[in-house]
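[1] this one's structure only:
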């Protein structure tokens, strides 16, 4: 199988989640007055959660691709940070230029990146835990 297709196969959950993010971040949401389920700032929490899950799924695909190897690679972390930043920025640009009923905000992108860094932190802790567990 082609190496590129092989990578995509392992990242299928991350790709599916990216499609879900793109759809949910661009549909029209009900206006919130700060009461009820959609409290003020609800969208920031959603952005954080979306990108946390995306980061975990990207790492999961990488781990499965490496046959359960939790090898710690700074380049992988850097690629995931850049990829998710570009995705978050693209979502904000789409909201600003195409889906004008949605507001593009810097805080949304900031919350996206906080979610990414939470995911990276989780991966680093998992790596350290697995590494220490395998020591004699």
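    In hand now; what should we look at? All values derive from a computational prediction rather than experimental measurement. Residues are numbered from 1 along each chain as shown.
[2] Residue 63 is in what secondary structure piece?
    For residue 63, the host element (DSSP states H and E) is helix 42-65.
[3] Give me the next element, helix or strand, following that helix.
    helix 74-97.
[4] buried set for that following helix?
    76, 77, 80, 81, 83, 84, 87, 88, 91, 92, 95 (16 or more other CB atoms under 10 Å). In short, each C-beta sits where N, CA and C put it, glycine included.
[5] Same list (those) but as CSV, adding pLDDT and distance to residue 59.
    Formatted as CSV, these follow (pLDDT from 0 to 100; distance: CB to CB, whole Å):
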residue, pLDDT, distance to residue 59
76, 86, 8
77, 90, 9
80, 92, 7
81, 95, 12
83, 94, 12
84, 95, 11
87, 94, 15
88, 93, 17
91, 91, 21
92, 89, 24
95, 87, 27
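[6] related to what we said a few turns ago, quick check: buried residues in the helix holding residue 63?
    For helix 42-65, using 16+ other CB under 10 Å, the buried residues are 43-44, 46-48, 50-59, 61-63.
[7] now swap in stretch 103-123 and tell me
    Neighbour count says stretch 103-123 has 104, 108, 109, 111, 112, 113, 115, 116, 118, 119, 120, 123 buried, by 16+ other CB under 10 Å.
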